[in-house]
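*Asks:* Test case, fold it:
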Amino acid sequence: MRKLLIIGIGAGDPDQMTVQAIKALNRADVVFLPDKGEEKAALRHLREAICARFIEKPCRMVTVGTPERAPAGTDYRGVVDDWHGRIAANYDRLFRDELAEGQYGALLVWGDPALYDSTLRIVERVRAGGLALEWEVIPGISSVQALAARHRIALNRIGEPVMITTGRKLAAGFPAGQDSVVVMLDGEQTFARIAPDDLDIYWGAYLGTPDEILMAGPLADLAGEIAAVRAEARRKHGWIMDIYLLRRQAARSG
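*Replies:* Next up, the predicted model:
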């Protein structure tokens with residue numbers, strides 16, 4: 001049976017690779033590297049640098065072309081399902097062609113595979129399509145953890161919960177009854193369109209890379225500046241990965 005290692009590789013700094021992840025990487029016979037085109041070539045190069053630094057035995061690299069997702073429109077779930085189906089078809093073909101029975105393949109996932117990443121669902125889809133696979137999941141340091149570490153803050157106040165959501169969900173407003181909300185996948189800068197009163201923002205982009213940007217302070221003061229900095233960074237690099245924590249100012253820890 002073919003075997004697959006789904007390895008969390010951290011938020012961008014190769015030093016965030018865990019010992020478990022490095023050991024898993026060295027079990028791989030084939031590493032499958034997603035290719036999202038020249039615009040996001042830096043993401044591929046970071047994966048290649050991780051492999052060059054940590055793999056200590058012969059290992060083949062196979063490029064996986066990643067299809068673009070169609071605009072979400074009014075059918076977000078339908079568009080994502082179609083996109084996942086096309087990615088799963090690519091994986092199915094490559095696993096059959098490039099991975100022999102008994103060999104280990106590896107997929108390198110930014111952050112942690114369990115948090116706002118679809119690799120696990122896509123691999124389940126491949127297996128449901130008839131390809132016999134065994135797989136293991138190796139957790140990684142998520143961008144949520146990296147954001148808190150870089151800003152030197154705890155994610156939660158004493159005895160209080162943390163909500164992790166998306167920009168799409170935040171568009172309805174800051175969640176009622178919440179004190180601390182981490183927002184991921186916000187390509188529309190939703191933080192600049194919600195009521196900023198009594199909210200602080202802790203924002204980070206390109207976490208763990210030489211291009212890292214950090215900003216923090218009252219949302220009312222920083223929303224426009226962050227949006228401008230973000231737009232310029234995206235123009236300069238061709239891509240951006242960012243994340244932020246919104247926290248109510250009125251709730252104070254004891």
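
*Asks:* Is it correct that residue 195 is in contact with residue 219?
*Replies:* No: Residue 195 is beyond contact range of residue 219, at 9.0 Å (criterion: CB atoms under 8 Å). For glycine as for every other residue, the C-beta is placed from the backbone atoms N, C-alpha and C.

*Asks:* between those two, which one's more packed in?
*Replies:* Remark: of residue 195 and residue 219, residue 219 carries more neighbours, 23 against 10, as counted by other CB atoms under 10 Å.

*Asks:* quick one, what contacts that one?
*Replies:* Under the criterion of CB atoms under 8 Å, 6 or more residues apart in numbering, the neighbours of residue 219 are 191, 196, 199-201, 246.

*Asks:* Out of those residues, show me where the pLDDT dips lowest.
*Replies:* On pLDDT alone, residue 196 ranks lowest of those, at 93.

*Asks:* Give me the neighbour count for it.
*Replies:* With other CB under 10 Å as criterion, residue 196 counts 18.

*Asks:* One more: residue 175?
*Replies:* Residues lying near residue 175 (other CB under 10 Å) number 13.

*Asks:* Now do the same for residue 246: helix, strand or coil?
*Replies:* For residue 246, the secondary structure call by DSSP: H, G, I helix; E, B strand; the rest coil comes out as strand.

*Asks:* Out of the contacts of residue 219, name the ones that lie in strands.
*Replies:* Within the contacts of residue 219, residues falling in strands by DSSP state E are 199-201, 246.

*Asks:* okay, the residues you listed in a markdown table with distance to residue 59 and neighbour count next?
*Replies:* Shown next, in a markdown table, are the ones in strands among the contacts of residue 219 (distance: CB to CB, whole Å; neighbours: other CB atoms under 10 Å):
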| residue | distance to residue 59 | neighbour count |
| --- | --- | --- |
| 199 | 47 | 19 |
| 200 | 45 | 19 |
| 201 | 42 | 22 |
| 246 | 42 | 25 |
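
*Asks:* quick check, nearest of those residues to residue 233?
*Replies:* residue 201 (16.2 Å; CB to CB).

*Asks:* follow-up on the earlier one: want to throw the ones in strands among the contacts of residue 219 into JSON lines with distance to residue 130?
*Replies:* Below are the ones in strands among the contacts of residue 219 laid out as JSON lines (distance: CB to CB, whole Å):
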{"residue": "199", "distance to residue 130": "49"}
{"residue": "200", "distance to residue 130": "50"}
{"residue": "201", "distance to residue 130": "47"}
{"residue": "246", "distance to residue 130": "44"}
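
*Asks:* What's the per-residue pLDDT of residue 208 here?
*Replies:* If you check residue 208, the pLDDT there is 91.

*Asks:* ok, now which ones touch it?
*Replies:* 10-13, 16, 146.

*Asks:* again, but for residue 215
*Replies:* Residues near residue 215 by CB under 8 Å, 6+ apart: 201, 203-204, 222, 225-226, 229.

*Asks:* Max pairwise distance over these: which two?
*Replies:* Every pair of these checked by CB to CB; the farthest is 204 and 225, at 14.3 Å.

*Asks:* Now render the contacts of residue 219 as a markdown table, adding distance to residue 172.
*Replies:* Formatted as a markdown table, those follow (distance: CB to CB, whole Å):
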| residue | distance to residue 172 |
| --- | --- |
| 191 | 13 |
| 196 | 16 |
| 199 | 15 |
| 200 | 20 |
| 201 | 18 |
| 246 | 14 |
